[in-house]
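1. got a predicted structure here, sequence first:
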Amino acid sequence: MSLVVSDITRYGIVMVGNSAVTVMREDNTVVKVRGDAAKVQYSPEANIGISVWGNGNVGGKRIDSWIADFIDFSIAPGDDLETIGGRLTEQLNEDLSKMGKPWNELRCGLQLAGYMNGVPKLWHIDTGQDRRPQHELRLYHDFPEDQSWSDGNFRMILGEDQYGFPAFCHLSNSHMPTFLALFDKMMEYSRELRNILKVRFPRDSLEGRLNYYKVLVQFTTEMMVAAGEHPSFNNVVSAIAFDQNVLVLDERISVPEDSKPLSEGSRLAF
């Protein structure tokens with residue numbers, strides 16, 4: 001089961017996800033849980049990150065393998081985030097539609113992050129909100145466009161501090177209230193650390209942001225396992241951090257070579 005989160009600050013962009021993939025039968029019986037899902041990927045050609053959660057099958061491929069092929073063969077130097085987001089949505093919809101299943105069974109989402117004209121963007125693509133009828137994948141321009149912020153305003157917002165922290169915008173996959181609850185409490189805890197012990201967590205750097213989200217993702221997944229709620233979580237994470245020029249920190253999990261679904265009738269959940 002997935003927990004993926006992406007973060008923008010003035011330091012750059014961070015994307016973190018766990019690596020669990022659940023193999024199920026069509027009746028939702030769990031066969032086994034693997035820990036090799038490459039849920040966070042990166043294109044050096046376009047300096048963008050893509051993360052994924054939800055349905056793990058795209059025809060005869062795992063969705064992480066499909067995304068790796070998309071990055072290798074469908075992104076060219078000079079493609080901007082808008083072009084890539086539209087192409088990704090169109091091609092994935094086309095291949096998912098060929099499976100002949102209702103969108104409720106194909107529910108998935110992606111986070112897409114990069115820079116346009118030096119301004120960081122954090123968008124998402126998904127099939128719909130929780131507990132609502134699902135539909136084909138659609139691209140949403142969360143930050144900054146859907147907030148009605150201009151690029152200039154967004155630059156100013158990211159340059160501000162809030163309670164001693166750099167301003168940030170983040171996205172997590174929508175069915176993770178456990179992560180959001182922890183995040184809110186961790187903000188309070190971090191403020192206390194700074195006020196009482198002069199400890200800065202997260203550190204004011206791109207690496208500090210990456211390590212911060214790794215701790216939160218790992219804690220959330222370990223808590224869910226310890227509580228007996230979702231044994232299909234794991235705490236092995238894949239992560240990247242990049243600025244407007246280059247990939248700065250690379251902690252990705254490689255797409256496994258045996259990345260096809262295990263057998264006819266199996267279903268994968270990322």
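-> Right, received. Where do you want to start?
2. let me know the secondary structure of residue 142.
-> With DSSP: H, G, I helix; E, B strand; the rest coil as the basis, residue 142 sits in strand.
3. helices and strands around whatever helix or strand residue 238 lives in, which ones?
-> In this assignment (DSSP states H and E), residue 238 forms part of strand 237-242. Judged by 3 or more Cβ pairs under 8 Å, 6 or more residues apart in numbering; DSSP states H and E, strand 237-242 is in contact with strand 12-18, strand 40-43, helix 206-226, strand 247-251. Yep, even glycine has a C-beta here, placed from its N, CA and C like the rest.
4. of those, which shows the lowest average pLDDT?
-> Averaged per stretch, pLDDT over those is lowest on helix 206-226, reaching a mean of 91.
5. using CSV, write down the CA coordinates of that one.
-> The C-alpha coordinates for helix 206-226 follow below in CSV (Å, rounded to 0.1, in the frame of the first residue of the first chain):
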residue,chain,number,x,y,z
LEU,A,206,17.2,20.4,0.5
GLU,A,207,18.8,17.4,2.2
GLY,A,208,17.1,18.4,5.5
ARG,A,209,13.7,18.4,3.8
LEU,A,210,14.3,15.0,2.2
ASN,A,211,15.4,13.4,5.5
TYR,A,212,12.4,15.0,7.2
TYR,A,213,9.9,13.4,4.9
LYS,A,214,11.7,10.0,5.0
VAL,A,215,11.3,10.0,8.8
LEU,A,216,7.6,10.8,8.5
VAL,A,217,6.9,8.3,5.8
GLN,A,218,8.8,5.5,7.6
PHE,A,219,7.1,6.3,10.9
THR,A,220,3.6,6.3,9.4
THR,A,221,4.1,3.0,7.7
GLU,A,222,5.7,1.3,10.7
MET,A,223,2.8,2.6,12.9
MET,A,224,0.2,1.1,10.5
VAL,A,225,2.0,-2.2,10.6
ALA,A,226,2.4,-2.2,14.4
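6. between that helix and strand 12-18, how many degrees?
-> 20 degrees (axes from the mean of the first three to the mean of the last three Cα atoms, to 10 degrees).
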